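Show me how the following folds:
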Amino acid sequence: MHRSQHSIEGPLAVEPDDFRRELVRTAHWVADYLEAMPESPVTRPLPDQHRRRLSASPLRDGGQALPEFLDFIKTDVAPYPGGNGHPAFFAWITTPPAPIGILAHLVGATLNASCGYGENALVDLERGAVRALADLAGLPQGTGGVLTSGGSMANLLCLAAARTWFLASRDATDGVAHDDIHARLVCYQSTETHMSVTKAARTIGLPPSRIRHVPVTADLRMDPGRLRAAVEADLVAGLLPFCVVSNLGTVGTGAIDPLPEITRVCREHGLWHHGDGAYGGLGSAHPDLAPHYEGVAELDSLTVDPHKVLNVPIACGAALVTDAGRLRAAFSTRASYLDGNDEWPWLSESTLELTRPGGRALSVWAILHQLGRDGVRDLLEHYLSHARLLRELIRERPDLELITDGPWAITCFRYSPSSFDGDLDVLTTRIARELQDGGKTFLATVRVHGTLTLRASVCGHRTTKADVETLVAEVTRIGERLTAH
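Residues are numbered from 1 along each chain as shown. This is a model prediction of the structure:
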């Protein structure tokens, strides 16, 4: 075994043998933790006193020894998980990490290279991962982009690129022309769009009065006719529509907006068409979902979150732009202390961040290459098949009411026995709260056409048939107890 001749010095120095011992000890704990997780509570309440102690975390003058770190994790952190690593977690679309993603994060932290500047292999792995995501999503050759911290940042980057493109097309990137046109920009989204899109629009300078919320049809998809009417009304009023954001799998129900019809409106009036596919952006990779993605190649940009359906460790999104130069045009800023490369532009020129974690790129690349195309399809089928099972179990029970059933693996339902004459919203809230506190399974709530429902999302690679059965059994058990006379 090679032994370094360098001396071990400094306040952060650790003897190689001590470091190796803690790595092995930590690796065993990680493996044991994941193995035991299905038999553990999904979540545990975090006592207020413990929360206050963690939030304060006073420093000791003398610091702590290396082994104390894992001891602290075992006693103070791991017993209070968010729940998303558990196979019986059906709430928000935050998934358990794939094993190879955990390994990739460790290796990424060890290499500790930035994917924002300089030349290192992880930068090119990110380029390859972005290209693979774009290909799986059905976007055309030449699509480029960057990995981000999540869908919120990806939506922000794409809307900023749309704004810069629109201003540049009118020779209004600065001065009086910029101020005049920017003051009249309008962005459109449906009433089902994720809140991050509104936040992104406000961040690039649009006030709430110039963010339109287009009504949806009965199937919770954007109404193209209402969109067209809104755009034309704004044009008559002297405003400047510049971007429409479509949903490729809403967070509430998994609905997919009618892309061809919306693109037609965008092309007729010179608007950028962005797709928020943080959850459902890779639907083209599955034969049952692909018909809903007709026209996806005509998008100008697309958000995808690998930390959702691909089970990449948090946090990882992707901003994909079919003309990659438009993303760079929005963010490229040179400085004398940063010697960029025009042939291989630094990725920081296409995003807000200069320093960007290489472990993120390595995790996406590793999971994609472990899966391959067939594996991505099979992973999506895993979610869809368990969602189909959940809906079958709901239909079999007369006291359960199915509210939505697709096309993605989100199911909205409620406990609604014919004998109950109380407030169903109150009952639904109580069922969700008791179920979350019970630790056996976990789901969230959402309003569908004004009705409060239980919302179950299947998005974990470890979820089993037994977990789905437990969810239905627990909802029914709690509902029966709460409605007993």
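
Could you use CA atoms for every contact and neighbour count after this?
Noted.

excluding its backbone neighbours, what's nearest the residue nearest in space to the middle of the chain?
In the chain, the residue lying closest to the centroid (C-alpha atoms, centre = their mean) is Asp305, at 4.2 Å. Excluding the flanking residues, the one nearest Asp305 by C-alpha to C-alpha, 6 or more residues apart in numbering is Gly317, at 4.0 Å.

partners of the one you found in the sheet?
Thr148 (DSSP bridges).

and it, how many neighbours?
Each residue near Gly317 was counted by other C-alpha atoms under 10 Å, and the total is 26.

Please tell me how far it sits from Cys266.
Here the criterion is C-alpha to C-alpha, to the nearest Å. By it, Gly317 lies 25 Å from Cys266.

Ala134 too?
21 Å.

ok, these two, which is more surrounded?
For Ala134 and Cys266, the more surrounded residue by other C-alpha under 10 Å is Ala134, and the numbers stand at 28 against 21.

So the more buried one, which state does it fall into?
helix (DSSP: H, G, I helix; E, B strand; the rest coil).

quick one, strands of the chain?
Remark: strands assigned in the chain by DSSP state E are 144-148, 185-190, 211-214, 240-247, 272-277, 301-304, 317-321, 400-404, 410-415, 444-448, 451-457.

what sits opposite Thr404 in the beta ladder?
Here Thr404, judged by DSSP bridges, has bridge partners Cys412.

which ones are touching it?
253, 410-413 (C-alpha atoms under 8 Å, 6 or more residues apart in numbering).

Can you tell me the number of residues neighbouring Ala366?
By other C-alpha under 10 Å, neighbour count at Ala366 equals 19.

typo on my end, it should be Phe420
Phe420: 14 neighbours (other C-alpha under 10 Å).

So what does it look like in phi/psi?
phi -90, psi 130 (degrees, to the nearest 10).

So which bits of stretch 212-222 are buried?
212-216, 220-222 (16 or more other C-alpha atoms under 10 Å).

And the contacts of that stretch?
Contacts of stretch 212-222 (C-alpha under 8 Å, 6+ apart): 186-192, 223, 226-227, 230, 246, 255-258.

Using CSV, list the CA coordinates for it.
Provided in CSV are the C-alpha atoms of stretch 212-222 (Å, rounded to 0.1, in the frame of the first residue of the first chain):
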residue,chain,number,x,y,z
ARG,A,212,-51.1,35.4,-16.0
HIS,A,213,-52.7,32.3,-14.5
VAL,A,214,-54.6,30.7,-17.4
PRO,A,215,-57.6,28.6,-16.4
VAL,A,216,-57.5,24.8,-17.0
THR,A,217,-60.0,22.4,-18.5
ALA,A,218,-61.8,19.7,-16.6
ASP,A,219,-58.8,17.4,-16.9
LEU,A,220,-56.6,20.1,-15.2
ARG,A,221,-54.6,20.9,-18.4
MET,A,222,-54.1,24.5,-19.6
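
re earlier: if I pick the residue nearest to Asp305, what's in contact with it?
147-151, 153-154, 278, 303-307.

can you list those residues in JSON lines and add pLDDT?
Below are these laid out as JSON lines (pLDDT from 0 to 100):
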{"residue": "Leu147", "pLDDT": "97"}
{"residue": "Thr148", "pLDDT": "96"}
{"residue": "Ser149", "pLDDT": "94"}
{"residue": "Gly150", "pLDDT": "94"}
{"residue": "Gly151", "pLDDT": "94"}
{"residue": "Met153", "pLDDT": "96"}
{"residue": "Ala154", "pLDDT": "97"}
{"residue": "Ala278", "pLDDT": "95"}
{"residue": "Thr303", "pLDDT": "98"}
{"residue": "Val304", "pLDDT": "97"}
{"residue": "Asp305", "pLDDT": "96"}
{"residue": "Pro306", "pLDDT": "95"}
{"residue": "His307", "pLDDT": "94"}
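
Make JSON lines from those and add distance to Arg356 to it.
Supplementary listing: these in JSON lines, determined by distance: C-alpha to C-alpha, whole Å:
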{"residue": "Leu147", "distance to Arg356": "9"}
{"residue": "Thr148", "distance to Arg356": "8"}
{"residue": "Ser149", "distance to Arg356": "9"}
{"residue": "Gly150", "distance to Arg356": "13"}
{"residue": "Gly151", "distance to Arg356": "16"}
{"residue": "Met153", "distance to Arg356": "13"}
{"residue": "Ala154", "distance to Arg356": "14"}
{"residue": "Ala278", "distance to Arg356": "20"}
{"residue": "Thr303", "distance to Arg356": "18"}
{"residue": "Val304", "distance to Arg356": "18"}
{"residue": "Asp305", "distance to Arg356": "16"}
{"residue": "Pro306", "distance to Arg356": "16"}
{"residue": "His307", "distance to Arg356": "16"}
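
Quick check on those residues: which are buried?
147-151, 153-154, 278, 303-307.

so what does the longest helix seen in the chain touch, helix or strand wise?
Looking across the chain with DSSP state H, the single longest helix is helix 358-396. The contact analysis (3 or more C-alpha pairs under 8 Å, 6 or more residues apart in numbering; DSSP states H and E) places helix 358-396 against helix 99-111, helix 121-137, strand 400-404, strand 410-415, helix 465-483.

for those, which one ends up most surrounded?
Comparing these by mean neighbour count (mean count of other C-alpha atoms under 10 Å), strand 410-415 ranks first with a mean of 26.

what's in contact with that one?
252-254, 387, 390-391, 394, 399-405, 428, 446, 453-458, 475-476, 479.

can you give me the end-to-end distance of stretch 91-105?
Taking C-alpha to C-alpha, stretch 91-105 runs 25 Å from one end to the other.

residues making contact with it?
84-87, 251, 279, 307-309, 311-314, 359-360, 362-364, 366-367, 442-444, 455-457, 459-462.

For Leu271, give me its contacts.
Contacts of Leu271 by C-alpha under 8 Å, 6+ apart are 166, 241-244, 265.

again, only using 6 Å
242-243 (C-alpha atoms under 6 Å, 6 or more residues apart in numbering).

For it, give its distance to Glu392.
Counting by C-alpha to C-alpha, the gap from Leu271 to Glu392 is 42 Å.

repeat for Arg21
Arg21 is 50 Å from Glu392, by C-alpha to C-alpha.

Show me this protein divided up by domain.
Following automatic domain parsing, one finds the domains of the chain at 16-80, 105-372.

Could you list the low-confidence segments of the stretch 101-250 of the chain?
Across the stretch 101-250 of the chain, nothing is flagged by pLDDT under 70.

Mind doing that once more with 90?
Residues of the stretch 101-250 of the chain that meet the criterion pLDDT under 90 lie in 115-119.

Then the stretch 301-450 of the chain?
Ranges of the stretch 301-450 of the chain meeting pLDDT under 90: 315, 332-346, 348, 354-355, 405-406.

which stretches of the stretch 151-300 of the chain form helices?
151-169, 175-182, 195-203, 224-236, 259-269 (DSSP state H, counting those that start in this stretch).

Of all these, which one comes closest to Asn112?
helix 151-169 (22.0 Å; C-alpha to C-alpha).

The closest one to helix 195-203, inter-axis angle?
40 degrees (axes from the mean of the first three to the mean of the last three C-alpha atoms, to 10 degrees).

Figure out how far helix 151-169 is from the centre of its chain.
18 Å (C-alpha atoms, centre = their mean, to the nearest Å).

got it, and stretch 141-161?
12 Å.

Now do that stretch: distance from first to last residue.
First-to-last distance for stretch 141-161 - C-alpha to C-alpha - comes to 19 Å.

Against Val130, how distant is Pro241?
29 Å.

Great, nothing more from me.
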